[in-house]
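What follows is a protein structure lacking sequence information:
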């Protein structure tokens, strides 16, 4: 286990809403192939400056949610 791994914040269990076949399994109980697919998953991130006002952030999420790609509320 990694020295900076903290189970209380780093550990996770797959939810049925994410994958019904793997529901209620902890990461460590998943097949190695699935673990690697999770580790290798790439996604795009845009980091906003700390000076961006909360209202602007809300507006950005509203705009994104107006497309076919919905995000959950904060």
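Structure received. All values reported here derive from a predicted model rather than from experimental measurement. Numbers count the residues shown, from 1 in each chain.

Where does pLDDT dip in the protein?
Applying pLDDT under 70 to the chain flags residues 1-2, 68-74.

Where is the longest helix in it?
helix 54-65 (DSSP state H).

which residue is nearest the centroid of the chain?
residue 43 (9.7 Å; Cα atoms, centre = their mean).

Which helix or which strand is home to that one?
In this structure, residue 43 is located outside every helix and strand according to DSSP states H and E.

ok, now residue 48?
Using DSSP H and E, no helix or strand contains residue 48.

quick one, phi/psi of it?
Note on residue 48: its backbone torsions stand at phi -90, psi 150 [degrees, to the nearest 10].

need the contact list for it.
57, 60 (Cβ atoms under 8 Å, 6 or more residues apart in numbering). C-beta coordinates here come from the backbone N, C-alpha and C atoms, glycine included.

Could you measure from it over to residue 63?
13 Å (Cβ to Cβ, to the nearest Å).

Could you do residue 12 as well?
For residue 12, the distance to residue 63 - Cβ to Cβ - is 29 Å.

ok, now residue 18?
Counting by Cβ to Cβ, the gap from residue 18 to residue 63 is 25 Å.

same question, residue 39
31 Å.

Also residue 40?
If you go by Cβ to Cβ, the gap between residue 40 and residue 63 works out to 30 Å.

likewise residue 46?
Going from residue 46 to residue 63 by Cβ to Cβ gives 13 Å.

So for these two, which sits in the more crowded spot?
residue 63 (9 against 5; other Cβ atoms under 10 Å).

burial count for residue 35?
Considering only other Cβ under 10 Å, residue 35 is surrounded by 13 other residues.

That one belongs to a strand?
No. Under DSSP: H, G, I helix; E, B strand; the rest coil, residue 35 sits outside any strand and is assigned helix.
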